[in-house]
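A.B. asks: prediction below, plus the sequence it came from.
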Amino acid sequence: MGQNLSDAVMLVMTPDAWCYDKHALSHVTKFADDTTGPVVEDDGTVRQGRIGFIPRIPEEQFDTPWWACYGHSLRECIDNLCESRWLRSVGDDGAYELNVNRLVRMIDIEETSIAQNQHIIPEKYDEEGNRIAPPSEWYADPLFEQFVGFAGQLMPGDFGARLCDDVSAHVERNIDATVSLDRDNDWEETNSARWTRAILDWKDLMTEDGFRLPEQWVVGASDRSPEPGFLR
């Protein structure tokens, strides 16, 4: 089912979701359709799957003791995720839908950050040797933090037509980079071209009121990826 979606959730930032809600989102997306296309159910029937659709969450998952370590029930986390619009309920039979487009935007943010080495923040000190706090504790370019905020907000078209049908290529790339970052905080990307979803010209999108929408975030854009419908 949705192992790639589950991994993608844990590899990116999830605005408006607390730590326990993020883990819950990663958990329930394991029961989602990982891609768009034919899906064979356990009983042998075939249906048309669509990425991010969760037909049902097995009832026994709601009683999993693992959730007790966070002090929040899975049902409570799902309610929180619906309120923050990472999930929405579909019908009355226990089905849910992941906000795939929001996830894709945060995927693109992650790729942009790594491609531009935003994680490497220059250290500056005053004449007495005291560290000078950087404009942003998170990114080398403080303006990038604003772009991250723009990407993470809810947008028209969320829960509409998907920006992609598959996130497996991104997950493979990002796991490799994440392992490198965990191994060495000074790790530097020297092959930014491999991050095919990176928005390297994000500064060109700045306006007096914020940012213009990148073409690859426009729902239905024909050139949003090398092969429309798939995240490469």
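C.D. replies: Cool, the structure landed.

A.B. asks: helix or strand next in line after the helix or strand of the chain with the lowest mean pLDDT, which one?
C.D. replies: Every helix and strand in the chain was compared by mean pLDDT, DSSP states H and E; the lowest is helix 168-183, with a mean of 73. Where DSSP states H and E defines the elements, the next helix or strand beyond helix 168-183 is strand 206-207.

A.B. asks: can you give me the helices for the chain?
C.D. replies: For the chain, applying DSSP state H gives helices covering 3-11, 19-28, 74-83, 100-115, 142-152, 168-183.

A.B. asks: most tightly surrounded among those helices?
C.D. replies: Across the helices of the chain, averaging neighbours per residue (mean count of other C-beta atoms under 10 Å) puts helix 100-115 on top, at a mean of 24. For glycine as for every other residue, the C-beta is placed from the backbone atoms N, C-alpha and C.

A.B. asks: now it, how far from the chain's geometric center?
C.D. replies: Mean-position distance between helix 100-115 and its chain equals 6 Å (C-alpha atoms, centre = their mean, to the nearest Å).

A.B. asks: can you check stretch 81-90 too?
C.D. replies: Relative to its parent chain, stretch 81-90 has a centroid offset of 15 Å by C-alpha atoms, centre = their mean.

A.B. asks: contact partners for the closest residue to Pro15 other than its chain neighbours?
C.D. replies: Excluding the flanking residues, the one nearest Pro15 by C-beta to C-beta, 6 or more residues apart in numbering is Gly152, at 3.4 Å. Contact analysis of Gly152 by C-beta atoms under 8 Å, 6 or more residues apart in numbering lists 13, 15-16, 102, 105-106, 109.
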